[in-house]
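Asker: need a structure here:
(one chain, ligands or ions: 2)
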Amino acid sequence: MIRAWSAADVRAAEEPLLAARVPLMERASFTLATQVVRDLRARRTSVRGARVALLVGAGNNGGDALHAGAVLARRGAAVTAVLTSGRSHAGGLAALVRAGGRVVDLCASPQQPASVVQAVVQAVVQDVAASDVVLDGLVGIGARGPLRDLPADVVSGLSALSGTPEGDDRPLRAQGAWVVAVDIPSGTGVDDGFVGGPVLPADRTVTFGAAKPGLLLPPAAGLVGELTVVDIGLRLDVEPAVRRLEAADVARAWPVPGGADHKYTRGVVGVVAGTTTYPGAALLTTTAAVRAGAGMVRYRGSDDVGRAVVGARPEVVTAPGRVQSWVVGPGVPGGPDVDENGNDDGQRERGRGGLAAAAGRLGGLAGGPVPAVVDAGGLDLLEETSPPWFVLTPHAGELTTLLRSRGVDVRRADVEAEPLRWARRAHELTGATVLLKGGVTVVVGPGVAYAQADGPGWLATAGAGDVLAGVLGAMLAARSDDVVASPALAAEVAAAAVLVHGRAAHRANPGGPVAALDVAHAVPAEVAALVNSA
Ligand SMILES: NC(=O)C1=CN([C@@H]2O[C@H](COP(=O)(O)OP(=O)(O)OC[C@H]3O[C@@H](n4cnc5c(N)ncnc54)[C@H](O)[C@@H]3O)[C@@H](O)[C@H]2O)[C@@H](O)CC1
Ligand SMILES: [K+]
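Answerer: Ligands and ions are numbered 1, 2, ... in the order given. Sure thing, here's the model as predicted:
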């Protein structure tokens, strides 16, 4: 698991070590330099003679870059530091100069007219782009807001370089430079992943002490490249702000059935999905639940769609009965669609019934409480508040609608700019666990947040959400009682489902397009690979 702590928590953990004169910056910068050497070698560039540009800001982040530059210069690299602030880390600067590094100070003549400064910046930008490696040490965890002043000008200049292919978001790749962000890509929100101005996308981010939330969260997560966490000896005893599950975590927690298990201990998934107009969602959701190892899948819908489901997956039953998790809503019309089409095949009524049972509001034969996945049209069927064992699975547009229906003035662009913030708001307002789908999927439950980046971009395709709902339904059914008993567990299971779904998409067709049903069919082999690696 990757755990990420806020800037404040990291600073608090640094304090006792700094007080004890532990050389944290030396540790950090030496490991940074070592990583750069590894990257250069991997790129078949010898360290001796390699051109290294350091983008240096006012604080200790620039100090890290300067010290790392000094290490590289001592090993024969041609290092140039570009100072973007009137004050740079004195020790780092002295070390670099001692090691033979070159310094270009953009603030050397503060009285120069802006046009001259801009011309100098442009010239420097060309030089930087011609380097083998660029270290971004403009700002780290001391940053406030988007980049401004000269750091912003330099990054904007690099981003606007000619020769960058249209649509390529990594301006220096075309020039052959490898960008290493020091601690964070400068300009990204350390704690929230917000990107409100220019950022130089990194090929690698070397972060110190612990990951920071912004490195895992969208949209900043897309600018981080490969993430390397360097242990500098910090002790972080508080709960992390954001977590990311890795394959080993999911493998360890997977409920592998034993000899005494039967379909009811494995878990029965009740699915209310699809209508005669949208039967595909019913097929995808039930197939995914079956393929993810549900003890049994019970489809609830019209006779016509039920026949199609059983035709495709004879394992599915259509009779009512015991259920250990509900999946409500894929392919079920919501709000305006219902008014237009009139007919929903009675799915909304069945969905309400499933959710009432899942909330424990029916009792008796209906059973419950049990976990529920609430997707698409199911989101319209929620009561004012829900228990944490309900996992809502909106995309950004659906989350916006959900929030607006509860009086929050928010637009889709806001949700996309700060997914964690708005997913958390939806969790606070509804009480449910919220899984906000995207290239990086954010999950928020009571006291916990996960950010999962497991799937390829190809996974953004119709029906992929139905498959996720089915996989998650099966995983919740397998741990039904535990999920109801421990409020934060639904979020962990949901994050694990996102991981399985994303990895199954890679497995379905590595490096190429995937159809939703192919993802469902790749789930068993992915689960086998996971549990066999545990
Ligand atoms: N405390 C320590 O001993 C350690 C600190 N480390 C490094 O130090 C960094 C934190 O250093 P600092 O606290 O000095 O802060 P930073 O180096 O992150 O930068 C803060 C400075 O940047 C300027 N600045 C802030 N926001 C800006 C913006 N939006 N645009 C342009 N300039 C802006 C301000 O002048 C401020 O002084 C960490 O990210 C890490 O790289 C590491 O060396 C590990 C040990
Ligand atoms: K940085």
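Asker: does Thr207 sit in a helix, a strand or a coil?
Answerer: Taking DSSP: H, G, I helix; E, B strand; the rest coil as the rule, one finds Thr207 in the strand state.
Asker: tell me which parts of the stretch 151-300 of the chain are close to ligand 2?
Answerer: Within reach of ligand 2 by Cβ under 5 Å from the ion, the stretch 151-300 of the chain has these residues: 182, 186. The C-beta positions use only the backbone N, C-alpha and C, and glycine is treated the same way.
Asker: any chance you could map the helices in the stretch 151-300 of the chain?
Answerer: Remark: helices assigned in the stretch 151-300 of the chain by DSSP state H, counting those that start in this stretch are 213-216, 247-253, 263-266, 279-291.
Asker: packing partners for the last one?
Answerer: In this structure, helix 279-291 packs against strand 268-272, strand 296-299, helix 303-312, helix 464-478, helix 516-533, with contacts taken as 3 or more Cβ pairs under 8 Å, 6 or more residues apart in numbering; DSSP states H and E.
Asker: Name the residues that touch it?
Answerer: 269, 271, 273-274, 297, 299, 301, 304-305, 308-309, 312-313, 315-316, 327, 330-332, 376, 463, 466-471, 473-474, 516-517, 519-521, 523-524 (Cβ atoms under 8 Å, 6 or more residues apart in numbering).
Asker: Just the buried residues out of those, in PyMOL syntax.
Answerer: To isolate the buried members of those in PyMOL, using 16 or more other Cβ atoms under 10 Å:
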select buried, resi 269+271+273+274+297+299+301+305+308+309+312+313+316+327+330+331+332+376+463+466+467+468+469+470+471+473+474+516+517+519+520+521+523
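Asker: still on that earlier bit, any chance of the helices and strands packed on helix 279-291 in a markdown table, with mean pLDDT too?
Answerer: Formatted as a markdown table, the helices and strands packed on helix 279-291 follow (pLDDT from 0 to 100):
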| stretch | mean pLDDT |
| --- | --- |
| strand 268-272 | 98 |
| strand 296-299 | 98 |
| helix 303-312 | 97 |
| helix 464-478 | 98 |
| helix 516-533 | 97 |
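Asker: Can you add distance to ligand 1 and give those back as CSV?
Answerer: Formatted as CSV, those follow (distance: least, Cβ to the nearest ligand atom, whole Å):
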stretch, distance to ligand 1
strand 268-272, 46
strand 296-299, 49
helix 303-312, 53
helix 464-478, 35
helix 516-533, 34
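Asker: Those: which one's closest to Pro113?
Answerer: helix 464-478 (54.2 Å; Cβ to Cβ).
Asker: Who are the packing partners of that closest one?
Answerer: By 3+ Cβ pairs under 8 Å, 6+ apart, helix 464-478 packs against strand 268-272, helix 279-291, strand 325-328, strand 372-374, helix 489-508, helix 516-533.
Asker: Now the second one - C-alpha only, CSV.
Answerer: Which is helix 279-291. Extracted in CSV, the C-alpha atoms of helix 279-291 (Å, rounded to 0.1, in the frame of the first residue of the first chain):
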residue,chain,number,x,y,z
PRO,A,279,-30.4,-4.9,-21.7
GLY,A,280,-26.6,-4.7,-22.1
ALA,A,281,-26.0,-3.4,-18.6
ALA,A,282,-27.8,-6.4,-17.1
LEU,A,283,-25.6,-8.8,-19.1
LEU,A,284,-22.4,-7.0,-18.2
THR,A,285,-23.1,-6.6,-14.5
THR,A,286,-24.3,-10.1,-13.9
THR,A,287,-21.4,-11.6,-16.0
ALA,A,288,-18.9,-9.5,-14.1
ALA,A,289,-20.4,-10.7,-10.7
VAL,A,290,-20.3,-14.3,-11.8
ARG,A,291,-16.7,-13.9,-13.2
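Asker: and that helix with helix 303-312, angle?
Answerer: 40 degrees (axes from the mean of the first three to the mean of the last three Cα atoms, to 10 degrees).
Asker: So what's the gap between helix 279-291 and the chain middle?
Answerer: 25 Å (Cα atoms, centre = their mean, to the nearest Å).
Asker: What is the host helix or strand of Ala119 packed up against?
Answerer: Assessed by DSSP states H and E, Ala119 sits inside helix 114-129. The contact analysis (3+ Cβ pairs under 8 Å, 6+ apart) places helix 114-129 against strand 51-56, strand 78-83, helix 149-159.
Asker: what does the stretch 1-150 of the chain have sitting close to ligand 1?
Answerer: 14, 18, 24-25, 28, 57-62, 64, 139-149 (Cβ under 6 Å from any ligand atom).
Asker: Those: which ones sit near ligand 2?
Answerer: Restricting those to contacts with ligand 2 (Cβ under 5 Å from the ion) yields Asn61.
Asker: Can you flag which of the residues of the stretch 1-150 of the chain next to ligand 1 belong to helices?
Answerer: 14, 18, 24-25, 28, 60-62, 64, 149 (DSSP state H).
Asker: Pull out the buried members of the residues you listed.
Answerer: Judged by 16+ other Cβ under 10 Å, buried ones among those: 14, 24-25, 28, 60-62, 64.
Asker: ok, now how distant is the residue nearest to Gly447 when sequence neighbours are not counted from ligand 2?
Answerer: Among residues not flanking Gly447 along the chain, Ala488 sits closest, at 5.8 Å (Cβ to Cβ, 6 or more residues apart in numbering). Using Cβ to the ion, to the nearest Å, Ala488 is found at 32 Å from ligand 2.
Asker: repeat for Ala497
Answerer: From Ala497 to ligand 2 the distance is 34 Å (Cβ to the ion).
Asker: So for stretch 353-360, what gets flagged as buried?
Answerer: In stretch 353-360, counting by 16+ other Cβ under 10 Å, buried: 353-359.
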